[in-house]
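Peer 1: quick check, what structure comes out for this input:
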Amino acid sequence: MSPLRKIGIFIEKVEERVGTASLLLMILMLIGKAAGFFKLHLIARFFGISTELDVFWAAFALPDFIFSLLVVGTVNAALIPVFIKILKKEEKKVLSQTLTSVLLILVALLILFGTVFYFLIPFVAHALFSGQEIWGVIRLDPVLSEASTEEYIQLYITLSRMMLASPFILSVSSILGAYLQSHKRFLYASLAPVAYNVGILAAIGFFTFFAPQFGIYSLGYAVIFGSLCHLLIQLPGIFALYTPTPIRLTLSKHVREIFKLSIPRVLGLTVEQFAVLFNTFLSFTLGAGALSAFSFANSLRALPVDLLSGSFLQAMFPHLNEAAQKDDDKEELKVLYFRALMLILIVGILLMVLVLILRMPIVRIIFGAGRFSWSATVVTSFVLAFFAPTILFQAIASLNIRTFYAINNTKVPFAISAVGVVLSILFSVFFTNFFSHYHDFTRLFSDFTSNPIAFDYIGSIISMFSWFIIRNQSFAAVAGLAFGLSCALFFEVVVSLALLSRQIKFTPFIRKNEYILNDIYLLVASGLGSMGIGYIVFRTLDEFVLNTAYTFQLIVLTVIVGIVISSVYIFLSKNVWRKYIIIEKYKKYFSRYFHRK
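Peer 2: Numbers count the residues shown, from 1 in each chain. The predicted structure follows:
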């Protein structure tokens, strides 16, 4: 027996001994997130929000687009359900043959896309840096960053071509991960992202201390090494489970079913990823370091978003499906939906307030070292403030979309997402233009406060409307990109809620249960109250008690204010969360681990 197979069998036995698999997976997820933040900390420390780092993020966008397009939607929407069905009804040999065929097709598609993008990258680079081919279409004349030189164009081309290896490796790894998950080997799925981030960390450390001459290229090599770690960590499980079959392509009914199920999700992801790609390239043109500030702020908002939109709703989805099938009136589904909605609001409002008040110290604690300057901290925290509403909006939008899926309606979510993406692009363009007039706005505000009687109201309003279509030079424009995304998500929440209410009749249910609206009002009031008190405490400690130039005192400030905000919010909203969070249930859950005889 090979060593890899022995390791796979050992991990399988470990999984079988774990009383609650979700606890282990949650710990691994937190480790992965911690490694991810430390990775970003090192990147911020060594590169700051520089032009070179902007080029890296922009170069990473195309390879990431390929991976998201070909694999991300396919794994959950098609691969795992079909693999599980094969395991239940067919021999393991059939599953191995299906896996082999899917991998062969995937490799062929990756080679095709990789070749096309390899030759397309120079054209994208010149279009991106010159701003003529892309931005001329929408009549914008953006102020380009200093990176619009031949040197940075070549850097972009080299990095982007180098990192085309990453989606190839990650795609194969993700397919193998779906195979393992279909066998209920979830530990590997949680270890893979940890290995990815740890691999990148190790590579950055190696290049920093032993080969600093590689500079920004070290991040490209680190991404490739992290992708290899993502793949290698899963190989023991594959060797333990895989039944060897001849390597040949067979378009069996299972392979056809996988691709049939994948098409709707791939189409939806294509629209979404196009918006991500557009926003990445748009932020690149806003000035040197703008894309880096946007990326760092986006990574900070990702943790609470993943907590609500990912882990919680992923656990809720099977229950929504089950409730949707129980009665024609969908009464049980309505009860479960509003329970989930209230839990999202309870947690989401608190997280949003914490991010709004503590955004500056959070950015400084996580990123504030080395080349990550004070100006970088100010800009990143400014962007994070406009990202804060997405914590709540994205979770509610995801809940609405999953509820549509539970009642077997996939067309409406796709239409809402498509319109939302279009609005996201439009809002991003308009608000980046508007926020680029930040200094004009401060001047107008100063004129108004100094002499409100003589202030030219009509002329000022007309000039402010023109800001939406005329680009200025303020670095605050990157915050407009975050605000545009928040507005687009708000639209998705409102429209999806209205259409969902129309389909499963929310209005009579709310009239019958009037306490729901009262609870929502109380949560909003609690959020506003805790934010006001938290801000007063924050300003008092920052200005009169603590010297936040020192990291330890900054951490103390963050902890104290965080505790104050949380305590006030919990106290003010106690009549709401007591209805929806059953404390005794969790006491009983944890007692299994801490009070064993």
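Peer 1: what comes up buried for the helix or strand Ile111 falls within?
Peer 2: Take DSSP states H and E as the rule and Ile111 turns out to sit in helix 92-130. Residues of helix 92-130 classed as buried: 94-103, 106, 110, 113-114, 117, 121, 124-126, 128-129 (neighbour count, 16 or more other C-beta atoms under 10 Å). Glycine gets a C-beta too; all of them are placed from N, C-alpha and C.
Peer 1: list the helices and strands that helix packs on?
Peer 2: On a contact count with 3 or more C-beta pairs under 8 Å, 6 or more residues apart in numbering; DSSP states H and E, helix 92-130 meets helix 51-67, helix 80-89, helix 150-162, helix 165-182, helix 253-284.
Peer 1: what residues sit buried inside the third one?
Peer 2: Yep, that's helix 150-162 we're talking about. 152-153, 155-162.
Peer 1: returning to that earlier point: so the helix holding Ile111 versus helix 253-284, what angle?
Peer 2: 20 degrees (axes from the mean of the first three to the mean of the last three C-alpha atoms, to 10 degrees).
Peer 1: what about helix 92-130, distance to the chain center?
Peer 2: 23 Å (C-alpha atoms, centre = their mean, to the nearest Å).
Peer 1: so which of the buried residues of helix 150-162 comes closest to Phe404?
Peer 2: When those are compared for distance to Phe404 (C-beta to C-beta), Ser160 wins out at 36.4 Å.
Peer 1: looking at it, that closest one is touching Phe65, isn't it?
Peer 2: No: the pair Ser160 / Phe65 is not scored as a contact, 10.7 Å apart, by C-beta atoms under 8 Å.
Peer 1: any stretches of the stretch 351-500 of the chain with poor pLDDT?
Peer 2: 439-441, 444-445, 447-457 (pLDDT under 70).
Peer 1: which intervals of the stretch 101-250 of the chain have sub-threshold pLDDT?
Peer 2: Residues of the stretch 101-250 of the chain that meet the cut-off, pLDDT under 70, sit at 130-149.
Peer 1: what is the mean pLDDT for stretch 307-322?
Peer 2: Average pLDDT, stretch 307-322: 69.
Peer 1: show me what contacts Ala488?
Peer 2: Residues in contact with Ala488 (C-beta atoms under 8 Å, 6 or more residues apart in numbering) are 420-421, 423-424, 427.
Peer 1: now do the helix or strand hosting Ala479: distance to the chain's middle.
Peer 2: Using DSSP H and E, Ala479 maps to helix 477-504. Remark: helix 477-504 is offset 16 Å from the chain centroid, using C-alpha atoms, centre = their mean.
Peer 1: so it versus helix 253-284, what angle?
Peer 2: Using the same axes, to 10 degrees: helix 477-504 against helix 253-284 is 140 degrees.
Peer 1: how close does the nearest residue to Phe281 once chain neighbours are set aside sit to Arg185?
Peer 2: Among residues not flanking Phe281 along the chain, Leu128 sits closest, at 5.8 Å (C-beta to C-beta, 6 or more residues apart in numbering). Going from Leu128 to Arg185 by C-beta to C-beta, to the nearest Å gives 42 Å.
Peer 1: for stretch 211-230, which residues meet the burial criterion?
Peer 2: 216-230.
Peer 1: just these now: which is nearest Ser446?
Peer 2: Ile216 (40.5 Å).
Peer 1: please report phi then psi for Gln325.
Peer 2: Torsion angles at Gln325 (phi, psi; degrees, to the nearest 10) stand at phi -90, psi 0.
Peer 1: helices of the stretch 401-550 of the chain, start to end?
Peer 2: 411-435, 438-450, 457-466, 477-504, 506-512, 515-540 (DSSP state H, counting those that start in this stretch).
Peer 1: deepest-packed of these, please.
Peer 2: Neighbour counts (mean count of other C-beta atoms under 10 Å) averaged over each of the helices of the stretch 401-550 of the chain peak at helix 477-504, with a mean of 21.
Peer 1: redo the buried residues of helix 150-162 as a markdown table? Include distance to Ala178.
Peer 2: Shown next, in a markdown table, are the buried residues of helix 150-162 (distance: C-beta to C-beta, whole Å):
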| residue | distance to Ala178 |
| --- | --- |
| Tyr152 | 38 |
| Ile153 | 38 |
| Leu155 | 35 |
| Tyr156 | 33 |
| Ile157 | 33 |
| Thr158 | 32 |
| Leu159 | 29 |
| Ser160 | 27 |
| Arg161 | 28 |
| Met162 | 27 |
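Peer 1: just the closest of these to Ile555, please.
Peer 2: Looking across the buried residues of helix 150-162 and measuring by C-beta to C-beta, the closest to Ile555 is Leu159, at 35.0 Å.
Peer 1: wait, that closest one sits on Leu53?
Peer 2: No: with contact defined as C-beta under 8 Å, Leu159 does not reach Leu53; the gap is 10.9 Å.
Peer 1: intersection of neighbour lists for these two?
Peer 2: Ile216.
Peer 1: nearest residue to the middle of the chain?
Peer 2: By C-alpha atoms, centre = their mean, the chain has its centre lying nearest to Ala302, at 4.5 Å.
Peer 1: enumerate the positions of the helix or strand containing that one that are buried.
Peer 2: Taking DSSP H and E as the definition, Ala302 sits inside helix 290-305. For helix 290-305, burial by neighbour count (16+ other C-beta under 10 Å) applies to 290-302, 304-305.
Peer 1: need the max-distance pair from the residues you listed.
Peer 2: Most distant of the buried residues of helix 290-305, by C-beta to C-beta, are Ala290 and Pro304, 23.4 Å apart.
Peer 1: can you tell me which of the contacts of Ala488 is closest to Asn472?
Peer 2: Phe427 (17.7 Å).
Peer 1: using the three-state scheme, assign Leu286.
Peer 2: coil (DSSP: H, G, I helix; E, B strand; the rest coil).
Peer 1: quick check: next helix or strand after the one helix or strand Ala202 maps to?
Peer 2: Assessed by DSSP H and E, Ala202 sits inside helix 186-210. Heading C-terminal from helix 186-210, the first helix or strand you meet, by DSSP H and E, is helix 217-232.
Peer 1: counting by contacts, list what that following helix packs against.
Peer 2: The contact analysis (3+ C-beta pairs under 8 Å, 6+ apart) places helix 217-232 against helix 51-67, helix 150-162, helix 165-182, helix 186-210.
Peer 1: what angle do helix 186-210 and it make with each other?
Peer 2: Using the same axes, to 10 degrees: helix 217-232 against helix 186-210 is 150 degrees.
Peer 1: for whatever helix or strand comes next after helix 217-232, name the packing helices and strands.
Peer 2: Next in sequence after helix 217-232, counting helices and strands by DSSP H and E, comes helix 235-241. When contacts are defined as 3+ C-beta pairs under 8 Å, 6+ apart, helix 235-241 packs onto helix 3-17, helix 165-182.
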